[in-house]
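# Sequence first, predicted model second:
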Amino acid sequence: MVFTKFPLVKMASVPSVRLVAAMARGLSHSSICFTGTAVLEYTANGTVQGSWGGRLPDAAPHGAYRCRGDDRWCVIAVFTDEEWTSFTKVLGNPLWTRENRFATLLGRKHNEDELDRLVENWTMQKDAREVMEILQSAGVAAGVIQSGKDLLEDDLQLKARGHFVQVEHPEAGSQTVDSVRIKLSSTPGRVRHPAPLLGEHNEHVLKELLGISGDEYDSLLIEGVVY
């Protein structure tokens, strides 16, 4: 890492403003694919979609539900009536699941606040991972909202991928860091060194790569331009 004390110079011009505007248009065009339903809803019906929170218009229950323990949560998503039947079987078919207001997706959407409360009454009695596993085994989409500790110690996929590796930092000591995410057969990649110290590579970059003489470099050090 190269670190200097050179002041920033603010520059602005008509071409630069136009460039920023063009970049903004490009960014909006590249992200329009994520808002297709909202655009279609407004174009066809004149309806401006609001925030959905953790809900979806074609699923219920759908959201993050508190589980047993401190700040433990599991996401559950039920899209079809078949999934709803599987979900109710996992819960043991309590009386409320057989009420007419929950018999269809439309009914569950109309009574979603009460549905979420009843579902959470069940999830709060169980461990988040237990909720995920029994629902997944029944064909219902569910997943634990994992903490950093969960990801590091319990996530089987990350373990299988060798996602976390240990590196030695000269000041911080042994650290666990993310490894290369994409595994290529011929060039798999690896973490070669820890995060640099402040100004650690100044001398190498300035003298060996940029050709600054030893005297010039020493002057920059004395003047406090570089570290």
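Arrived safely, thanks for sending.
# where along this structure do the strands fall?
With DSSP state E, the ranges of strands along the chain come out as 62-66, 73-77, 141-144, 164-169, 173-178.
# and the first one, which strands flank it?
Note on strand 62-66: by DSSP bridges, its sheet partners are strand 73-77 (antiparallel).
# residues near D116, how many?
When counting by other C-beta atoms under 10 Å, one arrives at 20 neighbours for D116. (Each C-beta comes from the backbone N, C-alpha and C, glycine too.)
# out of the strands of the chain, nearest to L156?
Ranking the strands of the chain by proximity to L156 (C-beta to C-beta) places strand 141-144 first, at 11.7 Å.
# Show me what the closest one is packed up against.
strand 73-77, helix 128-137 (3 or more C-beta pairs under 8 Å, 6 or more residues apart in numbering; DSSP states H and E).
# what lines up beside it in the sheet?
Strand 141-144 has the following strand partners under DSSP bridges: strand 73-77 (antiparallel).
# What lies in contact with the strand it pairs with?
Strand 73-77 has contacts (C-beta atoms under 8 Å, 6 or more residues apart in numbering) with 54, 56, 59, 61-67, 87, 119, 123, 128, 131-132, 135, 140-145.
# what is the rounded mean pLDDT of that strand?
The average of the pLDDT scores along strand 73-77 is 97.
# Restricting to C-alpha, output it in PDB.
These are the backbone C-alpha positions of strand 73-77, laid out as PDB (Å, rounded to 0.1, in the frame of the first residue of the first chain):
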ATOM      1  CA  TRP A  73     -33.800 -16.100  12.900                       C
ATOM      2  CA  CYS A  74     -34.900 -18.400  10.100                       C
ATOM      3  CA  VAL A  75     -36.200 -17.300   6.700                       C
ATOM      4  CA  ILE A  76     -39.300 -19.300   5.500                       C
ATOM      5  CA  ALA A  77     -40.900 -19.100   2.100                       C
END
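# Now do that strand against helix 128-137, angle only.
Relative orientation of strand 73-77 versus helix 128-137 (axes from the mean of the first three to the mean of the last three C-alpha atoms, to 10 degrees): 20 degrees.
# Break this structure down into its domains, please.
As given by automatic domain parsing, the domain ranges for the chain are 14-45, 62-145.
# would you list the ones you listed in CSV and tack on distance to Q166?
Formatted as CSV, the domains of the chain follow (distance: least, C-beta to C-beta, whole Å):
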stretch, distance to Q166
domain 14-45, 37
domain 62-145, 25
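# between the helices and strands packed on strand 141-144, which one is nearest to D113?
Evaluated with C-beta to C-beta, the helices and strands packed on strand 141-144 place strand 73-77 nearest to D113, the distance being 15.5 Å.
# can you give me the offset of the closest one from its chain's centre?
Offset of strand 73-77 from its chain centre (C-alpha atoms, centre = their mean, to the nearest Å): 15 Å.
# likewise stretch 198-213?
Using C-alpha atoms, centre = their mean, the distance from the centre of stretch 198-213 to the centre of the chain it belongs to is 37 Å.
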